[in-house]
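Enquirer: coordinates only, sequence not included:
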């Protein structure tokens, strides 16, 4: 009973930040001493040794002040807006609308037209008995060559 | 064309007049909208280019490069936000202005009709890039890197100016659309040999060709992330684009003039891939990987067959996205560990698993895994070089093996294995970084569904 009450009191004292012991008591039968902590209320001391793996003092840790930082800015409001701008304009507008635009490009470089035209010409030439293709690009009778020199 | 130039110009007053908290949001938003409008260029005809005016035109070769340029600006802005957060406001705005100016010059370079205008814009892109590298780079070597970058490219391109003025005097016009119909076969003579060299050396330095590549590892490594991204993704492709345009004027002597450069590129791609296997610096590895991929593009352009041109164009776009993504990944490592040494931040898969997924995808596309467009480009180039000369298949095959080796080496060193004990202060990945990676990867994956738009004018 006493132990339970004692434990509850200690817990209350701990959560409220009170020192667990407010007066100094020394046991008469043993060398046990309960004393208020000398460290209560004092800040932890600065580390005396700097290790290489400690973060550089001039590096600011963006997560320290703003644990939800997106990495853009120290100010959380600007940070969130920057993230939103990048995601909306970068992904939702450019990537999505851009890929749709590229996917639905009409007949890029007229490849489909070229295929249809070729099939049409082949059909015409086969129907009329003409050769499918001439080996001359240009009409030879229209080419004027210079005179042969001796 | 003004529908791209004027919005890009107006991004400048947007940065300078925006509120302090809104500069990044405004510029990212508007540059994303400009990249959406760039897709309108895809309305290409089969027998002609889109001729906007006397000064600007775009055909199936410049369109994918333009879309890539305009897509990359918002990505560069997102990538730079963290390392610029400590700078004062005027410097941030200046940095963004440099990026916008570079974007403007690049748009005008890719759409120039008149070759002198192309040359002026080609040189003009050097200035903002130099400022970005030397002012915002991270190490003292950035000054040397800027020097190498500026003078290599400048020295290579001054003969091009002389050659272009000569062509203007002899042919009467440097308007590319007219020139392609007026061009006469170039007879073989000493002066024409030098003319060929003068025209091509600017682009060889820019690509870069293996013997002239010393500026690239320096510039890529010392540049800040936005500088590395734009260098790897676009500025290298300026060389490829220029070569594809200028070779129209240089036939038929290209048939034998190209031999030394084909040999240098074939040997160089194996050499630079092997150098990658020995790198300790992560960004340096990605830079040499760029040289190796671009050597493939040089070979493809110089053998001048329809398949090789298709492969070259596809490879340029694919490499642009992949290389930019790799640099962003390397930067995400650098921002946490402040060192580019690969082995310092190992075993990241257990700490940052989502970033490990992006590392995996980037490495897989870098080694040309099917069905990505990287594979389409490399396959077309390998097939066309095989038909040009059977022996090249050995070199190409060896290059693909070594590319796979160093890509997997990079992946395994940074992601797999036990993580080092000193990186327990690594922050989790930001939404910004994941968004950046997916904005690189999604276009790459979507293009593998519809690669006809990146196969260039000979499709």
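Expert: Received, thanks. Please read these numbers as outputs of a predicted model, since none were measured by experiment.
Enquirer: Check which helices and strands the strand or helix carrying residue B:273 sits against.
Expert: In this assignment (DSSP states H and E), residue B:273 forms part of helix B:259-277. Using 3 or more CB pairs under 8 Å, 6 or more residues apart in numbering or on different chains; DSSP states H and E as the contact definition, the elements that helix B:259-277 packs against are helix B:282-303, helix B:392-415. Just so you know, the C-beta spots here come from the backbone N, C-alpha and C atoms, and that holds for glycine as well.
Enquirer: residues making contact with it?
Expert: Outside of helix B:259-277, the residues that reach it under the criterion CB atoms under 8 Å, 6 or more residues apart in numbering or on different chains are B:200, B:204, B:209-211, B:213, B:285, B:288-289, B:291-293, B:295-296, B:298-299, B:302-303, B:392, B:395, B:398-399, B:402-403, B:405-406, B:409.
Enquirer: Mean confidence (pLDDT) on it, please.
Expert: Mean pLDDT, computed over helix B:259-277, is 95.
Enquirer: Name the residues of that helix that come out as buried.
Expert: Within helix B:259-277, the residues that qualify as buried are B:261-262, B:264-266, B:268-276, counting by 16 or more other CB atoms under 10 Å in any protein chain shown.
Enquirer: and which of the residues you listed is nearest residue B:180?
Expert: Taking CB to CB as the measure, residue B:261 is the one of the buried residues of helix B:259-277 closest to residue B:180, at 22.7 Å.
Enquirer: Which among the contacts of helix B:259-277 count as buried?
Expert: Buried among the contacts of helix B:259-277 by 16+ other CB under 10 Å: B:200, B:204, B:209-210, B:213, B:285, B:288-289, B:291-293, B:295-296, B:298-299, B:302-303, B:392, B:395, B:399, B:402-403, B:406, B:409.
Enquirer: and the residue of chain A nearest chain B?
Expert: With distances taken as CB to the nearest CB, chain A approaches chain B most closely at residue A:71, which sits 2.5 Å away.
Enquirer: which SS state does that residue fall under?
Expert: Look at residue A:71: counting by DSSP: H, G, I helix; E, B strand; the rest coil, its state is coil.
Enquirer: Please tell me I have it right and it contacts residue B:432.
Expert: Yes: using CB atoms under 8 Å, residue A:71 is in contact with residue B:432, at 3.7 Å.
Enquirer: Residue B:68 is in contact with residue B:322, isn't it?
Expert: No: between residue B:68 and residue B:322 there is no contact under CB under 8 Å: 11.7 Å.
Enquirer: can you pull the contacts of the most centrally placed residue in chain A?
Expert: In chain A, the C-alpha nearest the mean C-alpha coordinate belongs to residue A:70, at 8.4 Å (CA atoms, centre = their mean). If a contact means CB under 8 Å, 6+ apart, then residue A:70 has A:79, A:80, A:82, A:83, B:430, B:431, B:432 as its contacts.
Enquirer: in chain A, which spans are helices?
Expert: Counting by DSSP state H, residue ranges of the helices within chain A are A:2-15, A:62-65, A:76-85, A:98-103, A:111-128.
Enquirer: Single out the most deeply packed of those helices.
Expert: Ranked by mean neighbour count, these are led by helix A:76-85 with a mean of 17 (mean count of other CB atoms under 10 Å in any protein chain shown).
Enquirer: Quick check: mean pLDDT of stretch B:35-52?
Expert: 90.
Enquirer: Please name the residues that touch the residue of chain A closest to chain B.
Expert: For residue A:71, the contacting residues are A:62, A:79, B:81, B:82, B:430, B:431, B:432, B:433, by CB under 8 Å, 6+ apart.
Enquirer: go with 10 Å
Expert: Contact partners of residue A:71, counting by CB atoms under 10 Å, 6 or more residues apart in numbering or on different chains, are A:62-63, A:79, A:82-83, B:78, B:81-82, B:85, B:332, B:335, B:427-436.
Enquirer: Taking helix B:282-303 as reference, get the angle to the helix holding residue B:273.
Expert: Inter-element angle recorded for helix B:259-277 and helix B:282-303: 160 degrees (by axes from the mean of the first three to the mean of the last three CA atoms, to 10 degrees).
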